[in-house]
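J.: Have a look at this prediction, sequence included:
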There are 4 protein chains.
Amino acid sequence: MSDKALKKKQLIIEKSRDVFARKGYRAVTMKDLVEACGISRGGLYLYFDCVEAVFKGVIESESKKGDPDIIGMMPSNPRTIDYLKLFFHEQKRDILRGGDSLLSAMYEYSFEKNGKESEEQTLIASQFDKSVSFLTALIKKGNELSDVNCEEPADFAMSVMISLEGMRVLSRCMTLSEQMVNTRISALLAPILPKQQ
Amino acid sequence: MSDKALKKKQLIIEKSRDVFARKGYRAVTMKDLVEACGISRGGLYLYFDCVEAVFKGVIESESKKGDPDIIGMMPSNPRTIDYLKLFFHEQKRDILRGGDSLLSAMYEYSFEKNGKESEEQTLIASQFDKSVSFLTALIKKGNELSDVNCEEPADFAMSVMISLEGMRVLSRCMTLSEQMVNTRISALLAPILPKQQ
Amino acid sequence: MSDKALKKKQLIIEKSRDVFARKGYRAVTMKDLVEACGISRGGLYLYFDCVEAVFKGVIESESKKGDPDIIGMMPSNPRTIDYLKLFFHEQKRDILRGGDSLLSAMYEYSFEKNGKESEEQTLIASQFDKSVSFLTALIKKGNELSDVNCEEPADFAMSVMISLEGMRVLSRCMTLSEQMVNTRISALLAPILPKQQ
Amino acid sequence: MSDKALKKKQLIIEKSRDVFARKGYRAVTMKDLVEACGISRGGLYLYFDCVEAVFKGVIESESKKGDPDIIGMMPSNPRTIDYLKLFFHEQKRDILRGGDSLLSAMYEYSFEKNGKESEEQTLIASQFDKSVSFLTALIKKGNELSDVNCEEPADFAMSVMISLEGMRVLSRCMTLSEQMVNTRISALLAPILPKQQ
DNA sequence: TATGAATGAGTCTTCATTCAT
DNA sequence: AATGAATGAAGACTCATTCAT
């Protein structure tokens, strides 16, 4: 695919992203995408076969965009505890992001895929697993450096991510106050932080 | 509405429930419902205006069915801790229920409704709030009876329900082992249970 | 299927027949059929899944209609030679029928099906084989009754039907004069007819 | 048109020929041709306005190619009977050619054109007439040389070509054995060949 | 009440044709 | 000359909803 075509594809993905964020997955039609992108019906088909293909493109693009945020920033700072804060800060931002997020669409898509007994992991599952792994690794490192103190890192990470996922998904169905999210996150972190200061 | 009509409505609701459990909300068509109910297209319209109306009926019926289980049983038993166990047992069952549950459909529906800025609470929100209130009340009672020891019942209940909701929704996108759910629930309850060993 | 539905199906088939006779097979769209039948798009789909299904219906109906003509008339007359004349008369009518015939459509359809290596015989092939068998049987009977004299009935029938098929298909691409067809048919029959009278 | 352009046109025609032989006429799209030719969409339009134009080009090229075979060879040989054999040999080859032939496409095209009452002769008709004329001339010559003996050359040629056309078109809808075609052709020729035993 | 045939609007998808580069 | 991205019209198909019976 030519360079120009790649740019066009990227443009479609960016414009479509907002449509999925606004309408979820199932409710989105080719017409919605075509209108959001300002191209013709046939034009969209030059780059994507169907709504699902566009959605996959959006997700892939999103994950490329999202990944570097934390991992990229890590080497510059020596204390694990700061990575942890960064990680939770990102999680909080994601939870409170509201209508701008792809989460609803991802859940709709995952619900649908989970129904059909396919081998593949759902989007939600793979993202969840990735986060658990990352957090586990972070805590193990923190243990080594005595930044944190956690006896069962994998277990702890899982329990934390479950809570965060609960807030994330609830925030798409009701209003969660920033205050409440702050309180929750503090409570989650407390057990492994060094007592006092 | 005549008695016969009510029965018919109930029949439609029961048959339709399975369709929503299987296909979610958005994917369900009038045809699906008509076929599942074994009645005519016109017949369905006599009782419900659209798919959404049937779904609302299903949800309402479900909540009537679900509510009494625990609350109805409470008066007969003196120890709060047993209610708690019952409550968590139900939650666990719900989390592990898999494809038979309406959860996916309820989320799809709530996502959709949350998008449009309507005044009404989403299904998920109202169910969540109800559970938090119930659990809060239970713990307060437990405090009084010294069955449990919890300084911030509302706060604690919220935090517990968030975790449970996380597991509930994740279980529709990936496989959660019963073992893991047991461990999680025990960990959630531990802080307020009387120390024993 | 109810009686009424069968009638409707028959109506669609009759109206559609003319469309196929006029436009052939490949050029016919659902829209053409819908307009010819005076029903709605959706209405047609209640009875037929696609253009091909309608066409198959037309062909089936046609063959039911066509079959009795000759065979039904046979018992009433003792002399084979008259059946032969009747058979050839029908063939001639079919050849000269012009634009009212389904032949073009059947060829288009058979060309298409013959391309894909399917097990099934093409329409044209099965009709051809049927005619050859029928004519063979007729001539054998005629031999018995000494109405005609033909040493190789199967061979002869095949050769006759090939000629008739040639005329049939050519008549859809050019004008064949009735006179010419008469001459041809007489020439085909001559070898087996009793000399003179 | 420049020499280079002519070559390009010829290339398109050659590549497209196979597409028409494989898919017939109506089923062929510009995309098919573009892909078969390995040129751009726009490129094809520089030389041909539409699919029909390419098809006409293919047919014209084909007839130029086919014509010389027999006629060109004739002067070098004194005995008519050998030309006849050559002619029938070619016919037989054409009948048995199967999927490589343009016949289906030509019939589809002729059916379509015959439908619209245009003045022009259909492809099939003009090819048929040409063959009849040629065979008639051949037989007349044969009569003169006493190579064959045929009282009504035009009539005879017509009847022979009708049979051949019947076999040709049937062979696109069913399998004709080479044996059968041989037998048929011998039977057709027999009446005018010098008795020999 | 109950039926299910019928409608037509809406979506998906393909394709001939154009046009800026 | 040549490219191939882009267009939009046209066809296939589905579905919520209505209505005569």
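T.: Looks like it came in fine.
J.: Can you give the domain ranges for chain A?
T.: A:1-58, A:77-197 (automatic domain parsing).
J.: What strand or helix carries the spatially most central residue of chain A?
T.: Taking Cα atoms, centre = their mean, the centroid of chain A lies closest to residue A:127, which sits 6.6 Å from it. Per DSSP states H and E, residue A:127 falls inside helix A:123-144.
J.: Residues touching that helix, excluding its own?
T.: Helix A:123-144 is contacted from outside by A:59, A:63, A:70-71, A:80-81, A:83-84, A:87, A:106-107, A:109-110, A:113, A:121, A:147-150, A:153-154, A:156-158, A:160-161, A:164-165, A:192, B:170, B:173-174, using Cβ atoms under 8 Å, 6 or more residues apart in numbering or on different chains. No exception for glycine: its C-beta is placed from N, CA and C like everyone else's.
J.: so where is chain A shaky, pLDDT-wise?
T.: Per-residue confidence for chain A (pLDDT under 70) gives these ranges: A:1, A:66-78, A:196-197.
J.: ok, which residues in it are in contact with DNA strand E?
T.: A:29, A:30, A:31, A:41, A:42, A:45, A:49, A:50, A:51 (Cβ under 7 Å from any atom of the strand).
J.: could you measure the nearest residue to residue A:106 once chain neighbours are set aside against residue A:102, distance?
T.: Nearest residue to residue A:106, sequence neighbours excluded (Cβ to Cβ, 6 or more residues apart in numbering or on different chains): residue A:123, at 4.9 Å. Going from residue A:123 to residue A:102 by Cβ to Cβ, to the nearest Å gives 9 Å.
J.: cool, residue A:61 as well?
T.: Using Cβ to Cβ, residue A:61 is found at 11 Å from residue A:102.
J.: any residues in contact with both of those two?
T.: residue A:17.
J.: The two: which is more packed in?
T.: With neighbours defined as other Cβ atoms under 10 Å in any protein chain shown, residue A:61 and residue A:102 compare such that residue A:102 has more, 20 against 16.
J.: pretty sure that one contacts residue A:17?
T.: Yes. At 7.0 Å, residue A:102 counts as touching residue A:17 under the criterion of Cβ atoms under 8 Å.
J.: what do the two both touch?
T.: Residues touching both residue A:102 and residue A:17 (Cβ under 8 Å, 6+ apart): A:58, A:62.
J.: Tell me how far the residue of chain A found nearest DNA strand F lies from residue A:8.
T.: Taking Cβ to the nearest atom of the strand, DNA strand F has its nearest neighbour within chain A at residue A:42, 1.9 Å off. From residue A:42 across to residue A:8, the span is 13 Å (Cβ to Cβ).
J.: For residue A:171, list the residues it contacts.
T.: Neighbouring residues of residue A:171 by Cβ under 8 Å, 6+ apart: A:95, A:96, A:97, A:98.
J.: swap the cut-off to 6 Å and go again
T.: Residues counted as contacts of residue A:171 (Cβ atoms under 6 Å, 6 or more residues apart in numbering or on different chains) are residue A:95.
J.: so how far is DNA strand E from it?
T.: Distance from residue A:171 to DNA strand E, counting by Cβ to the nearest atom of the strand, to the nearest Å: 28 Å.
J.: next one: residue A:37
T.: Applying Cβ to the nearest atom of the strand, one obtains 13 Å for the distance of residue A:37 from DNA strand E.
J.: Verify the stated contact: that residue with residue A:15.
T.: Yes. Using Cβ atoms under 6 Å, residue A:37 is in contact with residue A:15, at 4.5 Å.
J.: Tell me how many other residues crowd residue A:35.
T.: By other Cβ under 10 Å, the residues close to residue A:35 number 13.
J.: Report the buried residues of whichever strand or helix holds it.
T.: According to DSSP H and E, residue A:35 maps onto helix A:30-37. By neighbour count on 16 or more other Cβ atoms under 10 Å in any protein chain shown, the buried set for helix A:30-37 is A:32, A:33, A:34, A:36, A:37.
J.: How about the second one: what's its closest non-neighbour residue?
T.: Looking back up the chat, that one is residue A:33. residue A:16 (5.1 Å).
J.: Can you name the residues in contact with the strand or helix carrying that neighbour?
T.: In this assignment (DSSP H and E), residue A:16 forms part of helix A:3-23. Helix A:3-23 is contacted from outside by A:28, A:32-33, A:36-37, A:47, A:54, A:57-58, A:61, A:100, A:102, A:105, using Cβ under 6 Å, 6+ apart.
J.: Max pairwise distance over those residues: which two?
T.: The distance between the two most remote of the contacts of helix A:3-23 (Cβ to Cβ) is 24.0 Å, for A:47 and A:100.
J.: Between the two, point out the one with more neighbours.
T.: More crowded of residue A:47 and residue A:100, by other Cβ under 10 Å: residue A:47, with 20 against 10.
J.: ok, that one to residue A:31 distance?
T.: From residue A:47 over to residue A:31 the distance is 16 Å, taken as Cβ to Cβ.
J.: all helices of chain A, in order?
T.: For chain A, the helices defined by DSSP state H cover A:3-23, A:30-37, A:41-47, A:51-73, A:80-96, A:103-115, A:123-144, A:153-170, A:178-189.
J.: Nearest to residue B:179 among the ones you listed would be which one?
T.: Checking the helices of chain A against residue B:179 by Cβ to Cβ gives helix A:153-170 as the closest, at 11.9 Å.
J.: Report all helices and strands that the closest one contacts.
T.: Packing partners of helix A:153-170 (3 or more Cβ pairs under 6 Å, 6 or more residues apart in numbering or on different chains; DSSP states H and E): helix A:80-96, helix A:123-144, helix B:153-170.
J.: What residues of the longest one count as buried?
T.: The neighbour-count check on helix A:123-144 (16+ other Cβ under 10 Å) flags A:123-125, A:127-128, A:131-132, A:134-136, A:138-143 as buried.
J.: tell me the angle of that helix relative to helix A:80-96?
T.: Inter-element angle recorded for helix A:123-144 and helix A:80-96: 160 degrees (by axes from the mean of the first three to the mean of the last three Cα atoms, to 10 degrees).
J.: Can you check what angle separates helix A:123-144 from helix B:153-170?
T.: Helix A:123-144 and helix B:153-170 meet at an angle of 120 degrees, taking the same axes, to 10 degrees as the criterion.
J.: circling back: would you list the helices and strands packed on helix A:153-170 in TSV and tack on distance to residue A:3?
T.: Below are the helices and strands packed on helix A:153-170 laid out as TSV (distance: least, Cβ to Cβ, whole Å):
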stretch	distance to residue A:3
helix A:80-96	32
helix A:123-144	29
helix B:153-170	40
